[in-house]
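>>> Only the shape, not the letters, is given here:
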């Protein structure tokens, strides 16, 4: 695998922003196909469309469950998973019940992750478990989630939804997304077979290369074209023309 393809296959092209129209989603799928990304991570209702658009390509279709707050019942999350898989999704990004994590109700958290993981695997899909680290001040909570995911054979642990905004003392909302400290922590405390996905804040090729050094094997990104155009300039052999000013979702991820 050449360097450009290796980097492209680290990217889940994110198509989750609430304001994205059907036309935006179509263009996003086409962009992911053009750049040979690992997958699109698309809004649940659009999974059948993405499956059709990406048929015959090497780009997987993924979607989200319990997104973005993680507060749905386990039964609803299982039904979401089942419906997504039946529609053709092969990658499921689920959000944990954050309140239950902060309550340290580990039996509930374990049972829920197990239910989604089992349902995903039953359909041949992989599962990525989103911690939403911006809401977890205590590293012990992140470590415990890594241990649970390792025991349950989840395929990935993932930092963030990209929508975990925290209200500051000035009343303004902000979020950090995938911090290097969290990525190191998650890699260190997850079993070797559990991969780490960074979501939120990886917007340049240098960002991607840095998290790759930390053991990350996937990122969620909206800046796919920007990252891979730069990779083509830096690592390409000149056989592929580099495009400038490619339209991308400006909201970041």
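Yep, it's here. Because the structure is predicted, anything quoted here is derived from the model rather than measured.

>>> CA only for contacts and neighbour counts going forward, please
Will do.

>>> where in the protein is pLDDT low?
238-253 (pLDDT under 70).

>>> Name the single longest helix found in it.
Secondary structure assigned by DSSP state H gives helix 106-122 as the longest helix of the chain.

>>> in that helix, what counts as buried?
For helix 106-122, the buried set under the neighbour-count rule, 16 or more other CA atoms under 10 Å, comprises 106, 109-110, 112-121.

>>> Over to stretch 216-236?
For stretch 216-236, a neighbour-count test (16+ other CA under 10 Å) marks 216-232, 236 as buried.

>>> before we move on, which element is the closest residue to residue 186 other than its chain neighbours in?
In space, and not counting its chain neighbours, residue 186 is closest to residue 146: 6.4 Å by CA to CA, 6 or more residues apart in numbering. If you go by DSSP states H and E, residue 146 is part of helix 139-151.

>>> by how many degrees do that helix and helix 106-122 diverge?
Taking axes from the mean of the first three to the mean of the last three CA atoms, to 10 degrees, helix 139-151 and helix 106-122 form an angle of 40 degrees between their directions.

>>> other SSEs contacting the helix or strand following helix 139-151?
Proceeding N to C from helix 139-151, the next assigned helix or strand is strand 156-158, under DSSP H and E. In terms of contacts (3 or more CA pairs under 8 Å, 6 or more residues apart in numbering; DSSP states H and E), strand 156-158 is packed against strand 126-130, helix 139-151, strand 195-199.

>>> For strand 156-158, give me every contacting residue.
Applying CA atoms under 8 Å, 6 or more residues apart in numbering, the set of residues contacting strand 156-158 from outside is 127-132, 146, 149, 186, 194-199.

>>> Please state the offset of that strand from the chain centre?
Distance, stretch centre to chain centre, for strand 156-158: 8 Å (CA atoms, centre = their mean, to the nearest Å).

>>> What separation do you get for the spatially most central residue of the chain and residue 113?
With distances taken as CA atoms, centre = their mean, the chain has residue 220 as the residue nearest its mean C-alpha position (4.5 Å). In this view, residue 220 and residue 113 are 20 Å apart by CA to CA, to the nearest Å.

>>> for the stretch 1-150 of the chain, what spans make up the helices?
Here the stretch 1-150 of the chain has its helices, by DSSP state H, counting those that start in this stretch, at 3-8, 22-35, 47-53, 74-86, 98-102, 106-122, 139-151.

>>> With distance to residue 209 as added columns, please give these in a markdown table.
Compiled in a markdown table, the helices of the stretch 1-150 of the chain are given as follows (distance: least, CA to CA, whole Å):
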| stretch | distance to residue 209 |
| --- | --- |
| helix 3-8 | 9 |
| helix 22-35 | 17 |
| helix 47-53 | 28 |
| helix 74-86 | 31 |
| helix 98-102 | 30 |
| helix 106-122 | 29 |
| helix 139-151 | 23 |
